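Visitor: here is a sequence together with a model predicted from it:
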Amino acid sequence: MRRLTITGLCALALLSGCASSGGGGGGPTTKIALQCPGKDVNVPAQRVPKGTKDQTIHFDFGGQCKFTDFHWRGYDGDPPGITHQHITFPTPTIEVHYDGTAIPESGYYYKYENDDSKLDGNGGGVIHN
(Lines give C-alpha, C1' and ligand atoms only; values in the text may rest on other atoms or scores of the structure.)
Protein backbone atom coordinates (compact mmCIF):
# COMPACT_ATOMS: atom_id res chain seq x y z
CA MET A 1 0.00 0.00 0.00
CA ARG A 2 1.30 3.47 -0.87
CA ARG A 3 1.21 6.35 1.54
CA LEU A 4 0.20 9.84 0.60
CA THR A 5 2.50 12.48 2.02
CA ILE A 6 1.03 15.96 2.30
CA THR A 7 3.51 18.78 2.75
CA GLY A 8 2.79 21.67 5.08
CA LEU A 9 2.24 23.99 2.12
CA CYS A 10 -0.22 21.63 0.52
CA ALA A 11 -2.02 20.90 3.78
CA LEU A 12 -2.63 24.62 4.29
CA ALA A 13 -3.69 25.11 0.72
CA LEU A 14 -5.99 22.16 0.02
CA LEU A 15 -9.01 24.39 -0.46
CA SER A 16 -7.20 27.18 -2.25
CA GLY A 17 -4.73 25.37 -4.49
CA CYS A 18 -1.39 23.72 -4.05
CA ALA A 19 2.11 24.23 -5.38
CA SER A 20 3.16 21.20 -7.36
CA SER A 21 5.86 20.13 -9.72
CA GLY A 22 4.99 19.87 -13.33
CA GLY A 23 2.62 22.07 -15.27
CA GLY A 24 2.50 23.35 -18.79
CA GLY A 25 5.75 25.34 -18.69
CA GLY A 26 7.91 22.58 -17.32
CA GLY A 27 8.43 24.37 -14.01
CA PRO A 28 6.34 24.39 -10.84
CA THR A 29 2.75 25.60 -10.89
CA THR A 30 1.11 27.38 -7.99
CA LYS A 31 -2.66 27.07 -8.23
CA ILE A 32 -4.78 29.74 -6.59
CA ALA A 33 -8.45 28.81 -6.41
CA LEU A 34 -10.80 31.76 -6.11
CA GLN A 35 -14.30 31.54 -4.68
CA CYS A 36 -17.35 32.14 -6.81
CA PRO A 37 -20.05 33.19 -6.13
CA GLY A 38 -19.13 35.78 -3.59
CA LYS A 39 -18.79 39.49 -2.99
CA ASP A 40 -15.52 41.07 -1.85
CA VAL A 41 -13.93 37.66 -1.24
CA ASN A 42 -10.30 37.92 -0.19
CA VAL A 43 -8.37 34.67 -0.39
CA PRO A 44 -5.65 33.76 2.13
CA ALA A 45 -2.09 34.80 1.28
CA GLN A 46 -0.41 32.34 -1.06
CA ARG A 47 3.28 31.44 -1.11
CA VAL A 48 5.22 30.96 -4.32
CA PRO A 49 8.77 29.61 -4.30
CA LYS A 50 11.48 32.16 -5.07
CA GLY A 51 14.60 31.27 -6.97
CA THR A 52 12.86 28.75 -9.25
CA LYS A 53 12.74 29.97 -12.84
CA ASP A 54 9.94 29.18 -15.30
CA GLN A 55 7.06 29.09 -12.81
CA THR A 56 3.37 29.49 -13.52
CA ILE A 57 0.81 30.99 -11.17
CA HIS A 58 -2.65 29.78 -12.15
CA PHE A 59 -5.75 31.67 -10.91
CA ASP A 60 -9.21 30.16 -11.45
CA PHE A 61 -12.75 29.76 -10.12
CA GLY A 62 -13.02 26.00 -10.69
CA GLY A 63 -15.37 26.52 -13.63
CA GLN A 64 -17.98 28.41 -11.61
CA CYS A 65 -17.30 31.95 -12.88
CA LYS A 66 -15.23 33.89 -15.37
CA PHE A 67 -12.88 36.79 -14.79
CA THR A 68 -14.05 40.15 -16.09
CA ASP A 69 -11.03 42.05 -14.70
CA PHE A 70 -7.69 41.24 -13.07
CA HIS A 71 -4.89 43.60 -12.07
CA TRP A 72 -2.00 43.98 -9.64
CA ARG A 73 -2.70 46.71 -7.09
CA GLY A 74 -0.12 49.49 -7.11
CA TYR A 75 1.33 48.59 -10.53
CA ASP A 76 0.58 49.90 -13.97
CA GLY A 77 0.94 46.48 -15.56
CA ASP A 78 2.78 43.58 -13.97
CA PRO A 79 5.02 43.78 -10.87
CA PRO A 80 8.74 42.89 -11.21
CA GLY A 81 9.30 39.22 -12.07
CA ILE A 82 5.68 38.66 -13.22
CA THR A 83 4.59 38.57 -16.86
CA HIS A 84 1.47 37.50 -18.67
CA GLN A 85 0.14 37.48 -22.17
CA HIS A 86 -2.77 39.69 -23.20
CA ILE A 87 -5.94 38.66 -21.38
CA THR A 88 -9.23 38.65 -23.28
CA PHE A 89 -12.13 38.99 -20.84
CA PRO A 90 -14.26 37.18 -19.89
CA THR A 91 -11.96 34.23 -19.24
CA PRO A 92 -12.25 31.21 -16.90
CA THR A 93 -8.56 31.22 -15.89
CA ILE A 94 -5.57 33.53 -15.74
CA GLU A 95 -2.00 32.29 -15.87
CA VAL A 96 0.99 34.46 -15.14
CA HIS A 97 4.65 33.56 -15.36
CA TYR A 98 6.94 34.23 -12.42
CA ASP A 99 10.71 34.27 -12.91
CA GLY A 100 11.59 33.47 -9.28
CA THR A 101 12.93 36.88 -8.25
CA ALA A 102 12.26 37.80 -4.62
CA ILE A 103 8.86 39.33 -3.92
CA PRO A 104 8.94 42.24 -1.45
CA GLU A 105 8.00 41.29 2.11
CA SER A 106 4.67 43.10 1.75
CA GLY A 107 3.82 40.85 -1.21
CA TYR A 108 2.10 41.52 -4.51
CA TYR A 109 -1.61 42.31 -4.13
CA TYR A 110 -4.04 41.41 -6.89
CA LYS A 111 -7.68 42.37 -7.40
CA TYR A 112 -10.22 40.63 -9.57
CA GLU A 113 -13.83 40.90 -10.69
CA ASN A 114 -15.94 38.07 -11.98
CA ASP A 115 -19.21 37.63 -13.83
CA ASP A 116 -21.24 36.61 -10.75
CA SER A 117 -24.00 39.20 -11.18
CA LYS A 118 -26.11 38.01 -8.21
CA LEU A 119 -23.57 39.12 -5.61
CA ASP A 120 -21.44 41.51 -7.70
CA GLY A 121 -18.51 39.13 -7.32
CA ASN A 122 -15.04 40.43 -6.78
CA GLY A 123 -12.13 40.05 -4.42
CA GLY A 124 -8.41 39.90 -4.10
CA GLY A 125 -5.40 38.39 -2.45
CA VAL A 126 -1.65 38.57 -2.09
CA ILE A 127 1.28 36.38 -3.09
CA HIS A 128 4.47 36.10 -1.02
CA ASN A 129 7.70 34.09 -1.05
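Guide: Yep, that arrived.
Visitor: contacts, neighbours, all on C-alpha from now
Guide: OK.
Visitor: give the contact list for the nearest residue to residue 35 once chain neighbours are set aside.
Guide: Counting by CA to CA, 6 or more residues apart in numbering, residue 61 is the residue found nearest to residue 35 once chain neighbours are left out, at 5.9 Å. If a contact means CA atoms under 8 Å, 6 or more residues apart in numbering, then residue 61 has 33-36, 92-93 as its contacts.
Visitor: next one, pLDDT for residue 61 please.
Guide: As predicted, residue 61 sits at a pLDDT of 91.
Visitor: and what of residue 126?
Guide: In this model, residue 126 carries a pLDDT of 97.
Visitor: surely it touches residue 108?
Guide: Yes: with contact defined as CA atoms under 8 Å, residue 126 and residue 108 form a contacting pair (5.4 Å).
Visitor: which of the two has more neighbours?
Guide: Neighbours per residue, other CA atoms under 10 Å: of residue 126 and residue 108, the larger number sits with residue 108, 21 against 18.
Visitor: any idea what that one is bridged to?
Guide: Under DSSP bridges, the beta-bridge partners of residue 108 are residue 127.
Visitor: tell me the contacts of it?
Guide: 72-73, 79, 126-128.
Visitor: hmm, try it at 7 Å
Guide: 126-128 (CA atoms under 7 Å, 6 or more residues apart in numbering).
Visitor: so where do the helices sit in the protein?
Guide: Counting by DSSP state H, the chain has helices at residues 8-12.
Visitor: where does it dip in pLDDT?
Guide: Within the chain, the segments meeting pLDDT under 70 span 1-26, 118-119.
Visitor: for the spatially closest residue to residue 94 that is not a sequence neighbour, give me its contacts.
Guide: Distance criterion CA to CA, 6+ apart; nearest residue to residue 94, sequence neighbours excluded, is residue 59 at 5.2 Å. Neighbouring residues of residue 59 by CA under 7 Å, 6+ apart: 31-34, 93-95.
Visitor: in strands, which of those fall?
Guide: When DSSP state E is applied, the contacts of residue 59 are split such that 31-33, 93-95 fall in strands.
Visitor: of the residues you listed, which pair is most distant in space?
Guide: The distance between the two most remote of the ones in strands among the contacts of residue 59 (CA to CA) is 12.0 Å, for 33 and 95.
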